[in-house]
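>>> no FASTA, just this:
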């Protein structure tokens, strides 16, 4: 199982970016997919998560500004980030939680490579 993240980059304060994450491999089911972020010198924190039952959870700091949704492909999630501020600058990491493979193997979570989001004027 692999997670491929895309999007990110440099944006001015108040701008928008969209991140996408696609899980591939011999996947039977995924309980939830989401995004975390880690800024220099800070702990990794949850940004947003979308469950297989379509429940969502957001960090308080991004509520009303970020939206997580299913992407166009199977096992994909998008994170639309609006009204970005310098405090959103971080490496964003995609996560898949509760993955069952077609061979019946269960793994608690997988991580994709990080994508840098920089908000600066």
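Here it is on my side, so go on. Owing to the predicted nature of the structure, the values given are computational and were not obtained by experimental measurement.
>>> against residue 24, how distant is the closest residue to residue 42 other than its chain neighbours?
Of all residues not flanking residue 42 in the chain, residue 90 sits nearest, at 7.7 Å (Cβ to Cβ, 6 or more residues apart in numbering). Every residue, glycine included, has its C-beta placed from N, CA and C. Residue 90 is 25 Å from residue 24, where distance means Cβ to Cβ, to the nearest Å.
>>> how long is stretch 55-65 end to end?
One end of stretch 55-65 to the other measures 17 Å (Cα to Cα, to the nearest Å).
>>> neighbouring contacts of that stretch?
34, 45-50, 66, 68, 81-84, 87-88 (Cβ atoms under 8 Å, 6 or more residues apart in numbering).
>>> make it 6 Å
Here stretch 55-65 makes contact (Cβ atoms under 6 Å, 6 or more residues apart in numbering) with 46-50, 68, 82-83.
>>> stretch 6-23 now?
Defining contact as Cβ under 6 Å, 6+ apart, one finds that stretch 6-23 is touched by 3-5, 71, 73, 75-82, 84-85, 92, 94, 96, 112, 115-119, 121.
>>> how far away from the center of its chain is that stretch?
Mean C-alpha position of stretch 6-23 versus that of the full chain (Cα atoms, centre = their mean, to the nearest Å) differs by 10 Å.
>>> and it, end to end?
Note: stretch 6-23 ends 12 Å apart using Cα to Cα.
>>> list the buried residues in it.
7-8, 11, 17, 19-23 (16 or more other Cβ atoms under 10 Å).
>>> just stretch 55-62 next, same as before
Buried residues in stretch 55-62, counting neighbours by 16+ other Cβ under 10 Å, are found at 58, 62.
>>> can you start the count at 48 instead of 1 from here on
Okay, residue one is now 48; in that scheme the one you just asked about reads as stretch 102-109.
>>> which SSE is residue 116 in?
strand 113-117 (DSSP states H and E).
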